[in-house]
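Visitor: Here is my input; please provide its structure:
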Amino acid sequence: MLRFVKYRKASQRWSNTSHFKIREFDRHCKEFNPEADQLTQELVDSFFAKRTTETINSCRQRCSIVSEFIKYLQKRDLTEVIIPERPRKQRKTYIPHAFTQEELANFFAACDSLKYKPGRMDMKIRSITAPVIFRLIYSTGVRTNEALSLRCGNINLSEGIISIVGTKGYNEHYVVLHDSMLELMQQFNEKMDCILP
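Guide: Okay, here's the model as predicted:
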């Protein structure tokens, strides 16, 4: 799997989305049959099965990188597993929802009032992160996965510039923060530095 990732990166056909999907498959393999030392048809079929919580198109997207991984193995005679047939892509018309000012106010108020139990560090971090990450997405228009993939090195907190890397189609670019968002990010950095230096 690691060799496959290196191969795809060298071919410039790798993204953060691919990374998350292949990790999900890796976890599935471990949970489905932790003793297995090679892919089996049953293991792959179980991953490709459409979940009740996803659409056909979501299922296709989730399984796409795994299909490529199996092709990679097949070309090198490393597996006899057959790629399961995926359902045909469904055409859909996405109608975006334009939030009202009241809906936005309610949403951000809910983010700001997230509670956490004492001793639950994950909940504390979530309560600090949610108000900032959603405001960042809203104010800059960055994609969700771009916001979630940000590292400290991607953000210049003195100049208020974010470097978006590993994005869709390798369109790396910069985003300049509004002064209010920059101030919020600086406060977030100080709070997180106390928790995770």
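
Visitor: In space, what's closest to residue 178 - neighbours in sequence excluded?
Guide: Leaving out its chain neighbours, the residue that sits closest to residue 178 by C-beta to C-beta, 6 or more residues apart in numbering is residue 139, at 5.8 Å. Yep, even glycine has a C-beta here, placed from its N, CA and C like the rest.

Visitor: Make sure that neighbour is actually in contact with residue 176.
Guide: No - using C-beta atoms under 8 Å, residue 139 makes no contact with residue 176, being 10.8 Å away.

Visitor: got the contact list for the worst-scoring helix or strand of the chain on mean pLDDT?
Guide: Ranked by mean pLDDT, DSSP states H and E, the weakest helix or strand in the chain is helix 144-148, scoring a mean of 88. Residues from elsewhere that reach helix 144-148 (C-beta atoms under 8 Å, 6 or more residues apart in numbering): 16, 17, 20, 133, 136, 137, 164, 167.

Visitor: Quickly list the domain ranges of the protein.
Guide: Following the TED database, one gets these domains for the chain: 1-75, 101-194.

Visitor: Could you point out the helix or strand that follows the helix or strand hosting residue 3?
Guide: Secondary structure assigned from DSSP states H and E places residue 3 in helix 2-10. Counting by DSSP H and E, the next helix or strand C-terminal to helix 2-10 is helix 16-32.

Visitor: The helix or strand hosting residue 70: which residues count as buried?
Guide: Using DSSP H and E, residue 70 falls within helix 56-75. Neighbour counts using 16 or more other C-beta atoms under 10 Å place 59, 60, 62, 63, 65, 66, 68, 69, 70, 72, 73 of helix 56-75 among the buried residues.

Visitor: my guess is residue 66 contacts residue 48, does it?
Guide: Yes - at 7.5 Å, residue 66 counts as touching residue 48 under the criterion of C-beta under 8 Å.

Visitor: ok, residue 126 to residue 132 distance?
Guide: To residue 132, residue 126 is 11 Å away according to C-beta to C-beta, to the nearest Å.

Visitor: mind listing what residue 154 touches?
Guide: Contacts of residue 154 (C-beta under 8 Å, 6+ apart): 162, 163, 164, 165.

Visitor: any chance of these in a markdown table, with secondary structure and distance to residue 43 too?
Guide: As requested, these are arranged in a markdown table below (DSSP: H, G, I helix; E, B strand; the rest coil; distance: C-beta to C-beta, whole Å):
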| residue | secondary structure | distance to residue 43 |
| --- | --- | --- |
| 162 | strand | 39 |
| 163 | strand | 38 |
| 164 | strand | 35 |
| 165 | coil | 33 |
